[in-house]
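# One predicted model, sequence on top.
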Amino acid sequence: DAGVTQSPTHLIKTRGQHVTLRCSPISGHKSVSWYQQVLGQGPQFIFQYYEKEERGRGNFPDRFSARQFPNYSSELNVNALLLGDSALYLCASSLAGGLGETQYFGPGTRLLVL
Amino acid sequence: RKEVEQDPGPFNVPEGATVAFNCTYSNSASQSFFWYRQDCRKEPKLLMSVYSSGNEDGRFTAQLNRASQYISLLIRDSKLSDSATYLCVVTSTGFQKLVFGTGTRLLVSP
């Protein structure tokens, strides 16, 4: 079975631009979460979606937004990119987003903002 | 103060050694606890969940002390393939948010 997939794998943008990152969860999983991992740090929670509804939001500015589609895939959008947005963006899926459920991570999208 | 704190290391150990990592968490309402492993430039992968009763998976043993709010991971008989960053993770309350420590880097040498 396919795991969590993300696209693109790498991306280079310039300051002020907009970016859209995509994630497809494991088949049967209805919850998707997004994390940002800056070099040398652990991943930081950005959003969780379940059944197309936002369930939780981390401490990120409004430039970050996301949505989940009827097929449970998800997009993360970042507007007005800053140099500090350069990071590995990870998507994780779980069956129903329950607290004790295992989250499975995709390979991530490496974003470099110049 | 960070919600989950870990010693970043690196821990340099020879093959066959036993190594232990600890982490502390600040939110006493945290409900679930995990150790994830992350290889260089790869995604985190679940190593094991952590329970108050302690749990073991082969060479790996995890313990949770709720009273002291710390979590430990013990690796016995280290292999070269154990070289990675080990992330201590707790969940918050209310929704499925994983809170990660900065990770502890382990280097196992021949």
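Everything's here; your move.

# what does chain A put close to chain B?
For chain A, the contact set with chain B under Cβ under 8 Å from any Cβ of the partner chain comprises A:31, A:33, A:35, A:40-45, A:48, A:55-56, A:58, A:90, A:92, A:94, A:97-108. C-beta: built from backbone N, CA, C; applies to glycine.

# May I see the PyMOL selection of the buried members of those residues?
Applying 16 or more other Cβ atoms under 10 Å in any protein chain shown to the residues of chain A next to chain B, the buried members can be selected in PyMOL as follows:
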select buried, chain A and resi 31+33+35+42+43+44+45+48+55+56+58+90+92+94+97+101+103+104+105+106+107+108
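
# Count the neighbours of the residue nearest to residue B:7 when sequence neighbours are not counted for me.
The shortest distance from residue B:7 to any non-neighbouring residue, by Cβ to Cβ, 6 or more residues apart in numbering or on different chains, is to residue B:104 (5.7 Å). Per other Cβ atoms under 10 Å in any protein chain shown, the neighbour tally for residue B:104 reads 22.

# Was I right to think residue B:99 contacts residue A:45?
Yes: the criterion here is Cβ atoms under 8 Å, and residue B:99 meets it with residue A:45 at 7.1 Å.

# Which single residue in chain B comes nearest to chain A?
Chain B approaches chain A most closely through residue B:100 (3.1 Å), counting by Cβ to the nearest Cβ.

# so what's that residue up against?
Contact partners of residue B:100, counting by Cβ atoms under 8 Å, 6 or more residues apart in numbering or on different chains, are A:35, A:42, A:43, A:44, B:4, B:36, B:44, B:87, B:88, B:89.

# Alright, that wraps it up for me.
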